[in-house]
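Undergrad: any chance you could fold what I've pasted below:
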Amino acid sequence: MNQNRKDNDLQRAIDEITQKGGQQGGGPKPAQGPAPSQPAAGMMPPATPAPNNTMKLPSMPSPAQVAPAPQMAMPSMPMGGGFGRPMSYGADISKVKEAALKELFPIMDRVEVEPEKRFLLYQEMLNTMRDKAVIAPAYEAARQIRDDKVRADSLLYLINSIDEMSL
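TA: Presented below is the predicted three-dimensional model:
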């Protein structure tokens, strides 16, 4: 008798949780069956197992039933914001790219990539940020490129960038 009472209490708690979850999430509510009957004192509970439909878990709606999610803006974060600070981007992905490059620049020494790839990252920073502080580390990355043609192209790019920034 005591075990059946615990089972019924547990089932009620599960039903309450699934009902609250369904109401908060706005999704379909689980089906409610009749409440299990309590055995009278001194009587043995029925030997048959409880029916399978006593607890229904909410099912995922099909894609056709799901309404499109409302358009959400990115968290707001001041430009130059660091880890954990929100920043406002809206739909302008170029601002996201610029913010990511600005955050990456001070920790570029921790990025483990080939010299060619490292230079390409610095080149992207120069194109996006137009910051003279990027030139020296980009030059060091260009100097480490083994292929003479790629190194020459990289150095020429730096020279042209320096000329453009000096105007």
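Undergrad: going forward, measure contacts and count neighbours with C-alpha atoms only.
TA: Fine.
Undergrad: list the buried ones in the helix or strand hosting residue 97?
TA: If you go by DSSP states H and E, residue 97 is part of helix 93-104. Of the residues in helix 93-104, 95, 96, 98, 99, 101, 102, 104 count as buried by neighbour count, 16 or more other Cα atoms under 10 Å.
Undergrad: cool, stretch 131-150 as well?
TA: Quick answer for stretch 131-150 (16+ other Cα under 10 Å): 134, 135, 137, 138, 139, 141, 142, 143, 145.
Undergrad: list the buried residues for whichever helix or strand comes after the helix holding residue 97?
TA: Later in the chain than helix 93-104, the nearest helix or strand by DSSP H and E is helix 115-129. Of the residues in helix 115-129, 115-116, 118-126, 128-129 count as buried by neighbour count, 16+ other Cα under 10 Å.
Undergrad: helices or strands next to helix 115-129 in the packing?
TA: Applying 3 or more Cα pairs under 8 Å, 6 or more residues apart in numbering; DSSP states H and E, we find helix 115-129 packed against helix 93-104, helix 135-143, helix 148-166.
Undergrad: pipe those helices into CSV and attach distance to residue 110 per row.
TA: Below are the helices and strands packed on helix 115-129 laid out as CSV (distance: least, Cα to Cα, whole Å):
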stretch, distance to residue 110
helix 93-104, 10
helix 135-143, 13
helix 148-166, 21
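Undergrad: between the buried residues of helix 115-129, which is nearest residue 151?
TA: Among those, residue 116 lies closest to residue 151 (Cα to Cα), at 8.2 Å.
Undergrad: excluding its backbone neighbours, what's nearest the closest one?
TA: residue 145 (5.8 Å; Cα to Cα, 6 or more residues apart in numbering).
Undergrad: now do the contacts for that neighbour.
TA: Applying Cα atoms under 8 Å, 6 or more residues apart in numbering, we find residue 145 in contact with 115, 116, 151.
Undergrad: not counting residues beside it along the chain, what's closest to residue 161?
TA: residue 126 (7.9 Å).
Undergrad: so where's this structure uncertain?
TA: 1-7, 18-91, 167 (pLDDT under 70).
Undergrad: let's see that with 80 instead.
TA: 1-91, 167 (pLDDT under 80).
Undergrad: same list, the buried residues of stretch 131-150, but as JSON lines with distance to residue 161 please.
TA: JSON lines is the format used below for the buried residues of stretch 131-150 (distance: Cα to Cα, whole Å):
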{"residue": "134", "distance to residue 161": "11"}
{"residue": "135", "distance to residue 161": "9"}
{"residue": "137", "distance to residue 161": "14"}
{"residue": "138", "distance to residue 161": "11"}
{"residue": "139", "distance to residue 161": "11"}
{"residue": "141", "distance to residue 161": "15"}
{"residue": "142", "distance to residue 161": "14"}
{"residue": "143", "distance to residue 161": "16"}
{"residue": "145", "distance to residue 161": "18"}
